[in-house]
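# coords below, sequence missing:
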């Protein structure tokens, strides 16, 4: 089958974690014999920032790293109707322009035989409810929400016909243990500043414990204001700016442990949704300590797959314990890697997607999935 993804950007992962997941999903679909292509808008914010920071070399690096992925940049003259009608499945990300969301829906309504899916991977349904409520989703066959609480928000608000939970996951062909890489430093955190959505949490669960323990630590990410950079420097934390997602596995491998610091809107209003870095870090076999979040969907086994702490004091103790107890650290690594390998890879999510399509897709898609070769 032919899958078409409307994404903010596939090329750029600059402050754009959804690109990580979509790359992995598309690569798995292609490995199974399907066609998967992406469309991204001209002037996409993430891609423009990527080029501003990394130059055209960063774009070239994407194509060199992912030669199997195909993406095109569309402008105002692009024929979206022709594109979607040539596909079997069209998946539209929630950052797509609202007018285009509606236009694609009309193409489905006006005789399109493709299955049309809306994909939500953000907290705007809670933090900016009007943005989602204003979208015209009545012509969409399926909504994929990246957490059960988000799925319930769609159902309660009447925003979708068939709404399914579809968590993010790790591309384990890329995110894997690299035991051959030598450990150089104590701790790494890969995360963006995030519009003050977790500034206090970064101070409590990262900066102060690292400073007090005098750890060798690294932070990679973007959009750090001057006062944040100053606090990192004062704590002796090395700041490295943006890192291409494909380089993250090696960065994890060079460090002894990592942390998870969720954004406040998820903790407070959308429990059960970790950042994609949890899946990716555990897939890389690095011990992880997490600031508080409610794993109400039982995605992981807290205190087996990773250590969950409640405050900065507990974070400091957990950091010290893991660095001083290699056996405990290895137990976490083995358990976390087991959970991701068994439940949370992009292969699992493609299995889920195909299962959803076989139940709620258009007749042509159901027929295609029923063919013997589709199950191979």
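Ah, there it is. Here the structure is a predicted model, which means the values were calculated and not measured.
# Measure how far the longest helix along the chain is from the centre of its chain, please.
Ranked by number of residues, the top helix in the chain under DSSP state H is helix 326-343. Distance of helix 326-343 from the chain centroid (Cα atoms, centre = their mean, to the nearest Å) equals 20 Å.
# buried ones in it?
Across helix 326-343, burial judged by 16 or more other Cβ atoms under 10 Å covers 329, 332, 333, 335, 336, 337, 339, 340, 341. The C-beta positions use only the backbone N, C-alpha and C, and glycine is treated the same way.
# Equivalent analysis for stretch 103-115, please.
So, applying 16+ other Cβ under 10 Å, buried residues of stretch 103-115: 104, 105, 107, 108, 112, 114, 115.
# Measure how far the next helix or strand after the longest helix of the chain is from the centre of its chain, please.
Per DSSP states H and E, the first helix or strand lying C-terminal to helix 326-343 is helix 346-360. Centroid separation between helix 346-360 and its chain, computed with Cα atoms, centre = their mean, is 17 Å.
# This protein: strands as residue ranges?
According to DSSP state E, the chain carries its strands in the segments 2-6, 35-41, 70-74, 89-93, 115-120, 142-145, 162-165, 185-190, 217-220, 237-239, 255-260, 288-290, 307-308.
# Name the spans of the stretch 101-250 of the chain whose pLDDT lies under the cut-off.
By pLDDT under 70, the weakly predicted segments of the stretch 101-250 of the chain are 125-129, 131.
# Let me know how buried residue 245 is, in neighbour terms.
Residues lying near residue 245 (other Cβ atoms under 10 Å) number 25.
# Residue 5: what's it in contact with?
22, 26, 36, 37, 38, 39, 91, 93 (Cβ atoms under 8 Å, 6 or more residues apart in numbering).
# Please report the distance of it from residue 338.
30 Å (Cβ to Cβ, to the nearest Å).
# Residue 74 too?
42 Å.
# quick revisit: spatially, which two of the buried residues of helix 326-343 are the most separated?
The largest separation in these, counting by Cβ to Cβ, is between 329 and 341 at 18.4 Å.
# give me phi/psi at the residue lying closest to residue 331 once chain neighbours are set aside?
Once flanking residues are discounted, residue 331 sits nearest to residue 304: 7.9 Å by Cβ to Cβ, 6 or more residues apart in numbering. Dihedral angles of residue 304 (phi, psi; degrees, to the nearest 10) stand at phi -120, psi -50.
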